[in-house]
Each structure stands twice: as C-alpha cells, then as structure tokens.
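Chemist: sequence first, then the predicted structure, then my questions.
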Number of protein chains: 2
Amino acid sequence: MERSGGGDPRETLRLLWRQGKPRSGRGRPPKITLSTIIAAAISVADGKGVDAMTMDKVAAALDVGTMTLYTHVPGKAELIDLMVDAAWQSLELSDAGSWRAQVTHYAHQTLALHARHPWLRSISTVRPPLGPGLFTRQNHLLAALSETALPPSEATAAVDAIVTFVDAAAATEAEHAQASAVSGEPEDDWWSARQLFWEEIFDPARYPAIARSWAEGGFDRTASEARVNAFDIGLRALLDGINVMAAMAADETHQRESRVSER
Amino acid sequence: MERSGGGDPRETLRLLWRQGKPRSGRGRPPKITLSTIIAAAISVADGKGVDAMTMDKVAAALDVGTMTLYTHVPGKAELIDLMVDAAWQSLELSDAGSWRAQVTHYAHQTLALHARHPWLRSISTVRPPLGPGLFTRQNHLLAALSETALPPSEATAAVDAIVTFVDAAAATEAEHAQASAVSGEPEDDWWSARQLFWEEIFDPARYPAIARSWAEGGFDRTASEARVNAFDIGLRALLDGINVMAAMAADETHQRESRVSER
DNA sequence: CTCGTTTCCGTAGATCGTACGGTATCCTTT
DNA sequence: AAAGGATACCGTACGATCTACGGAAACGAG
C-alpha cells in the first residue's frame, strides 16, 4: 500500500501550497508544470488504479521522458500526496442549511469524489498531506458542527467519526466500480464464477444465521442497492447519535448558567 | 493496492477450505505446508507491512527457495486471500449478552485484530475471500441482530454499516502504530518535523473554524486519545440509530398484528 | 534397483522506481 | 554576436520484485 507523508517535509509542503520560487525567466523553459503532472497522474490512476500509475505511464501521457518528472517532483511518494490533496480540493462543499444538511451534503459529495477517484481508498492518510484540500474539509466540518453545542474536543471527535464512516463507505462503493473496470469482470460475473461455492462448499448448518437470512430474503437486493442502503442507514444513525450528544451538552451548559444566575 | 479475489475461483476456494486431496504418500515429502506458508507470510507482513511481504522474504523465513512456494500456492494474490481469511479466523467472538453487547465486543476484538495485523487495511476486500473467517464474522453479526425485530434486508444493511465503520476505525487506529513502526518515526516526531507548517504556511483567516477550535482546546488531546474517542462515539451513535430502527420495525409489526386480531 | 510421483529450486525475462551524469535550450552580460 | 550561467530534459543502468520454465532431488511401490 502506498502511504502518504513520507518525503522531506519542507519540500513537500512547498509543493502542496505551490510556494516554489517563481521562475527567474532564465534557463530552458519547462514543457510541463507541477499541475499538469498531477493532473496526468490522476487521469492515469482514475482509469487503471494506483498500481497502473507508474512514472513511465505518467511521463508518456505528458509526452515527456520518464526522468523529466523528477525535475518537478522529488519522487513518487510526494506525487501521491499531491494527487490526494488535489482530489480533495475538488470536493464541492455547501454552507447552506443546518449542520445536518451540510454534513449530509458532504457525505454525498464524498461519494461522488470516490467515484471519480477510486484510487483514493488505496492510499493511507494516517499521516495526511497537509494541503489545502484536507484543511478545507476539516474546516468545513468543524464549522458545521460549531452550530451544535458540542464542546471543542467532542466536536473534533464527532468530525473524526463522520470522516471515518463516510470515507470508508464511499471508498467501498467506489471500489466495486473500480474492481469491475480494472478486472473487466462485472460484479455479477464474479459471483457467478463462484456459484460452485454455494453448491459444493457452503454448509448451512455451520452458518445458520446466513442461511436463514438468505431464506427470508435478506440478500434479495442487488449488491449495489444493499450498499447504498447501508450508507444511508449508517449516516443517519451516526448523525442521530451526534444530535443526542449535542442535546446533552446543551443541557449541561444551560444548567450551569442557571446555577450562576441564581446567585 | 492489493486486491483480493483475483485468482482462479475453484483453486482458491479449495485452498481456503483446505480441500486439497490428502497426500498419497508417494513422492518427495514436503518441507512446508500451506498453513506454514500463510503463517510465515503473516508474520512478515505483521512486522514490516504488505509491501515488505515479498515472496523472497516469505521463502527465506521458511528456509526454502523462493519458487518452492509456488508448489503450494498459485501466486501472491491467492496467498493474500488466504492471509486475510486466516486473520479473520483468529477473531474471538462472544455469544454472551444482548446484541449490543455482542456487537461492542466484536468491535473491540476487531480493534485488536487490526492491531495484530495492520496490513489488513491495505487489502481491498470488495471481492472478499469466501473463506471460513469472513463467513463466521458475517454469521455472528447476523445472528446478533436477529435478536432485534429488524426485517432481513435491513438487518443485512445494518451489519454492513457496522462492519464498514468498525473496520475503518480499527484500521485507522492500527495504521498509526504501523506507520510509526515501519518508518521508525513516532507520530509526535512526524508532527514536530512539520512544525514549520503552522509557523510559516497555515493561515488562520482562511481556516477560521480550525483556528477557533485550536484556541478553545479542541486539539488538546493526544492524537491517540482523540481517535479512541472518535471510535467510541461513532460506535455508540451507530448502535443508537440501529436501536431506533429496530423499535420502529417492532412497532409496525405490532400494529399489523393488532389490526389482524381486531377482525 | 527402477520407475512414477511429488516436491524443491536456479535461471531468466519483464516491469518498476530512481541515481547519475550528460545534453539541450533559454536569458543575461559583455 | 558570442560567451556564460541557469534551468530543464532525458538515456542509461542498477536493484527489487513476481513468476514461467524446466531440471534436479527425494520418496514409495513394484
């Protein structure tokens, strides 16, 4: 797996925020820029996955020698950081409506983002690229939750929980499409090829709950419908829970204020 | 990224369920078995991540030539499938208590599982290995939720939502530990090396919600504490939401039965 | 002892990231 | 107009890595 946040911090940050010194004018003019490299890399990865995103292919897409890329980017790890942040920059956020509406909007935009860039899931962002894309996301969600009465540390936790769930669910959904596209084998075909599993190997006695759910129609939906359902249910449940937390926090604040005013 | 579910279905299923023909007795006796290969591969990946889990290293750990592995396993993709399912087989489930208690127990065991095997996150299971490990998990969660009044298709969706959230949160937590171990750079050091970001690049005016949360102590917890908090909050919220769904479903069933008995 | 069976494994080709150093093309200075 | 410095381009080569191929080795049966 690719992991972001590996290279020299100063250099990577300079690239993320496009703080390179402006060209002096002297010297051979560049055929490509940082932005065109990132765009080409994203384009390659969109089509065939991160695995297929090799420096060779990116260079070829730009009609440039492979090593030319290294004039603009320290290495592949840094390029991936830049791709991730660029992808998040394309997220369309909305300030309209309640915090719930904003978060729901965010969730659906994230779904679309992962659909556009299925490779996002493949990149661990435990040490995230500290770029505009991810900061904008964090800022937006924190701003939305500041409408609730949650104390700062709980608001941060709530944002983390939202990001974790939404990102995971969106990534899963996108992966299915990606798997079909890359392997050239639609999901239905993949399951059909494993028909023999149910016929020859699966033992209902060993997995009674699965067998019963099957018999009662628990798997009647298409796989895709089932995932959409899980996404909606999970998001709604999560926001309900945050709502409860916020109400409790508001109560406590209120009680404290009452006590103060009673003196 | 590695993606599971790629190889020949029949062969992979045979390996997952250990349905190979028993040895005839004739021929050169094997130095290694399928199980020892899987164990060695897991051991290598545990220490250094999937990237470092090369066929060379696995073979070396078994004191065997690299190509010997291919006598027992069709290729690396299939070996990864086997590793994933073996890992999930090690999950310790519990039938004790309410469905909520069971799911919470599952969540904490999953946390431990990812802590043991941080590489799990790196493997996409959109086309999962159809082995005992994953079936046992699915069966257990479905059985737990059958205690609620949820209709089958909603129970399936609820299980999916739980798996999505728990897996993502547990994986994130594990990744932090893994990142520190592999890079040899503790999380604190990583952030320290990026101190200059806050000093030279971060613009509070552009990200007011982050700046305000910072000022009000929203980031006072250590990163690790904050994640634990997000995990607990998210799980509680999710289960609350499922509880509400179940109550509504029970109501509807009850009303339907009342109508019937009124005739 | 020989033969069939099963397993072990060395070699080699293909693909990928990137270090190194040379080359090409521009502007500025003289 | 020529020289020099700056900047960008890129061909070659090396070390990993996966795995196809085919031969060698070790066993039981006859």
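Modeler: Cool, got the structure.
Chemist: make it CA atoms for all contacts and neighbour counts henceforth
Modeler: Noted.
Chemist: separation between the residue nearest to A:Asn229 when sequence neighbours are not counted and DNA strand D?
Modeler: Leaving out its chain neighbours, the residue that sits closest to A:Asn229 by C-alpha to C-alpha, 6 or more residues apart in numbering or on different chains is B:Ala157, at 6.1 Å. Counting by C-alpha to the nearest atom of the strand, to the nearest Å, the gap from B:Ala157 to DNA strand D is 35 Å.
Chemist: between the host helix or strand of B:Ala157 and helix A:152-183, how many degrees?
Modeler: Per DSSP states H and E, B:Ala157 falls inside helix B:152-183. Interaxial angle, helix B:152-183 versus helix A:152-183 (axes from the mean of the first three to the mean of the last three C-alpha atoms, to 10 degrees): 100 degrees.
Chemist: not counting sequence-adjacent ones, nearest residue to the residue positioned nearest the centre of chain A?
Modeler: Centrality entry for chain A: nearest residue to the mean C-alpha point is A:Asp167, 4.4 Å, by C-alpha atoms, centre = their mean. Excluding its sequence neighbours, the residue lying closest to A:Asp167 (C-alpha to C-alpha, 6+ apart) is A:Thr110, at 7.0 Å.
Chemist: what packs against the helix or strand that neighbour falls within?
Modeler: A:Thr110 belongs to helix A:99-116 when elements are defined using DSSP H and E. With contacts taken as 3 or more C-alpha pairs under 8 Å, 6 or more residues apart in numbering or on different chains; DSSP states H and E, helix A:99-116 sits against helix A:132-145, helix A:152-183.
Chemist: just checking, what packs against the shortest one?
Modeler: On a contact count with 3+ C-alpha pairs under 8 Å, 6+ apart, helix A:132-145 meets helix A:76-89, helix A:99-116, helix A:152-183, helix B:208-215.
Chemist: export these to JSON lines and tack on distance to B:Leu120?
Modeler: Below are the helices and strands packed on helix A:132-145 laid out as JSON lines (distance: least, C-alpha to C-alpha, whole Å):
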{"stretch": "helix A:76-89", "distance to B:Leu120": "21"}
{"stretch": "helix A:99-116", "distance to B:Leu120": "20"}
{"stretch": "helix A:152-183", "distance to B:Leu120": "14"}
{"stretch": "helix B:208-215", "distance to B:Leu120": "32"}
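Chemist: and the ones you listed, which one's lowest on average pLDDT?
Modeler: If the helices and strands packed on helix A:132-145 are sorted by mean pLDDT, helix A:152-183 sits at the bottom with a mean of 87.
Chemist: now do the buried residues in that helix.
Modeler: Buried residues in helix A:152-183, counted by 16 or more other C-alpha atoms under 10 Å in any protein chain shown: A:152-180.
Chemist: same deal with stretch A:238-248?
Modeler: By neighbour count on 16+ other C-alpha under 10 Å, the buried set for stretch A:238-248 is A:Leu238, A:Leu239, A:Asp240, A:Gly241, A:Ile242, A:Asn243, A:Met245, A:Ala246.
Chemist: is chain B contacted by it?
Modeler: Yes. Shown here: stretch A:238-248 in contact with chain B (C-alpha under 8 Å from any C-alpha of the partner chain) through A:Leu238, A:Leu239, A:Asp240, A:Gly241, A:Ile242.
Chemist: how about stretch A:12-22?
Modeler: Yes. Residues of stretch A:12-22 are located near chain B by C-alpha under 8 Å from any C-alpha, namely A:Leu13.
Chemist: list the buried residues in the helix or strand harbouring A:Arg236.
Modeler: Assigned by DSSP H and E, A:Arg236 belongs to helix A:223-262. Within helix A:223-262, the residues scored as buried using 16+ other C-alpha under 10 Å are A:226-227, A:229-243, A:245-246, A:249-250.
Chemist: give me the mean pLDDT for it.
Modeler: 81.
Chemist: which residues are in contact with A:Val159?
Modeler: For A:Val159, the contacting residues are A:Gln138, A:Leu141, A:Leu142, A:Leu145, by C-alpha atoms under 8 Å, 6 or more residues apart in numbering or on different chains.
Chemist: from B:His176, how far out is it?
Modeler: As judged by C-alpha to C-alpha, to the nearest Å, A:Val159 and B:His176 stand 18 Å apart.
Chemist: go on, A:Ala211?
Modeler: Look at A:Ala211 and B:His176: by C-alpha to C-alpha, they are 38 Å apart.
Chemist: go on, A:Phe135?
Modeler: From A:Phe135 across to B:His176, the span is 20 Å (C-alpha to C-alpha).
Chemist: cool, and A:Arg26?
Modeler: Taken as C-alpha to C-alpha, the span from A:Arg26 to B:His176 is 45 Å.
Chemist: run through who's touching stretch A:32-52.
Modeler: Under C-alpha under 8 Å, 6+ apart, the answer for stretch A:32-52 is A:53, A:57-58, A:61-62, A:69, A:72-73, A:79, A:82-83, A:86, A:116-119, A:122, A:178, A:181-182, B:1.
Chemist: can you narrow those residues to ones near DNA strand C?
Modeler: Restricting the contacts of stretch A:32-52 to those within reach of DNA strand C (C-alpha under 7 Å from any atom of the strand) leaves A:Met53.
Chemist: among the contacts of stretch A:32-52, name the buried ones.
Modeler: With burial judged by 16+ other C-alpha under 10 Å, the buried subset of those is A:53, A:57-58, A:62, A:69, A:72-73, A:79, A:82-83, A:86, A:116-119, A:122, A:178, B:1.
Chemist: next, the spatially closest residue to A:Met83 that is not a sequence neighbour: secondary structure please.
Modeler: Nearest residue to A:Met83, sequence neighbours excluded (C-alpha to C-alpha, 6+ apart): A:Ile38, at 5.8 Å. Classification of A:Ile38 using DSSP: H, G, I helix; E, B strand; the rest coil returns helix.
Chemist: likewise A:Pro129?
Modeler: Under the three-state scheme (three-state DSSP), A:Pro129 adopts coil.
Chemist: was I right to think it contacts A:Ala87?
Modeler: No. With contact defined as C-alpha atoms under 8 Å, A:Pro129 does not reach A:Ala87; the gap is 11.6 Å.
Chemist: so for these two, which sits in the more crowded spot?
Modeler: The neighbour comparison of A:Pro129 against A:Ala87 (other C-alpha atoms under 10 Å in any protein chain shown) goes to A:Pro129, with 24 against 19.
Chemist: domain ranges for chain A?
Modeler: Split into domains by automatic domain parsing, chain A comes to A:2-87, A:93-262.
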